[in-house]
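Engineer: structure for the following, please:
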Amino acid sequence: MFFFDIATIMWRDWIVLRRRLKKFILSRLVTPVMYLVAFGWGLGRSIIMTSGSYLDFLVPGIIALNTMNVSYMSVTGVHAERVYHKSLEEYLSAPIEPSAFVLGKIFSAVVRALISTALILSVAAIFGANMNFFSSVSRAAEFLIVVVLNSMIFAAVCFCAALKVQTYEELAQVNTYLLMPMSFLCGTFFDTTELPPLARLVINFLPLTHTSRLLREGFDLSSAIILLLYAIVLVWLATRMFKRLSA
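Structural biologist: Numbering: from 1, shown residues only. Modelled structure (predicted):
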C-alpha cells in the first residue's frame, strides 16, 4: 500500500508533466546549450586541461547543476498548494502516508531531472563531448545513482523551504542564497583545488561538490556516503515538517 501511494502521487504529477512535456523539453534545452556554447566552445577553446578538453570537463558539471535546479523547481508547487490552494491539508486527511506523499513528490522531481539529464547528454554528444559515463555497466549504474541522489537532495530542500516560507519571494531567496552560490563554486565550472584552503573546506561540505566530483571522476566512497546522508536527512526532515502541518 505504501508503494502504491507513492506511485499514485507520481502518476498525478506525470499527468501534469505530460500535458506540457514539449514546453518542458524546450525550456530544459536552453540553459545547457548556452553553457556549452559560451563555456565549452567559447571560453573552453582558450583553457588547456591536463587531460581531455574543457568541454569534457564541463559536461559533468552541467549535469550536476541542471539536476539541482530541475529537481528544486519541480517541487515549488508544494508552496502554492500550502499557501494559496490550501490543499496540503487534504492530503494529510486522505488515506495516504505522509511519507509516501513526500517521496512521491521527490521521485516525481527525480523523473524530471532524469529527462533533463538525457537531453543534456544528447546535446553534449552533438557538441562532440567525450563522455565516459556509459563506458561500463558499473559506471552507468554509478552515474544513475549519483543523479538520483542529487535530485532527491534538492527536491527535499525545496519541499522543506515550501513548507516554511510564506511567499514566492522568500522561496526565490532560497535559490539566490543557497543554489546560486553552489552553482558556481561547487566544481561545476572549475576545479575546486584551485581555491584557498578555507573556501575549499566550506565547499567540501556542500552536496553539489560531491555530485560534480562523482560524475567527473567516478566512484568515491566518502563522496557517495555524504550524498546518501544528505538525502536521508533531508527526506526525513521534509516528512517531519509535512506531518507537523496537521498538528
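Engineer: where's the most centrally placed residue in the chain, which helix or strand?
Structural biologist: With distances taken as CA atoms, centre = their mean, Met68 lies nearest the centre of the chain, 2.6 Å away. Using DSSP states H and E, Met68 maps to helix 54-74.
Engineer: chain center to that helix, what's the gap?
Structural biologist: Averaging C-alpha positions (CA atoms, centre = their mean, to the nearest Å) puts helix 54-74 8 Å from its chain's average.
Engineer: now do the helix or strand bottoming out on mean pLDDT in the chain: which elements does it pack against?
Structural biologist: Ranked by mean pLDDT, DSSP states H and E, the weakest helix or strand in the chain is helix 88-93, scoring a mean of 71. Other helices and strands packing on helix 88-93, by 3 or more CB pairs under 8 Å, 6 or more residues apart in numbering; DSSP states H and E, are helix 77-83, helix 98-126, helix 221-243. Backbone N, C-alpha and C define where each C-beta goes, glycine included.
Engineer: go through the ones you listed and pick out the most buried.
Structural biologist: Burial of the helices and strands packed on helix 88-93 is given as mean neighbour count (mean count of other CB atoms under 10 Å); helix 98-126 ranks first at a mean of 21.
Engineer: now that one: how far from the chain's centre is it?
Structural biologist: Centre-to-centre, helix 98-126 and its host chain are 8 Å apart (CA atoms, centre = their mean).
Engineer: how about the helix or strand that comes right after it: buried residues?
Structural biologist: Following helix 98-126 in sequence order, the next helix or strand is helix 137-164 (DSSP H and E). Across helix 137-164, burial judged by 16 or more other CB atoms under 10 Å covers 142-143, 146-163.
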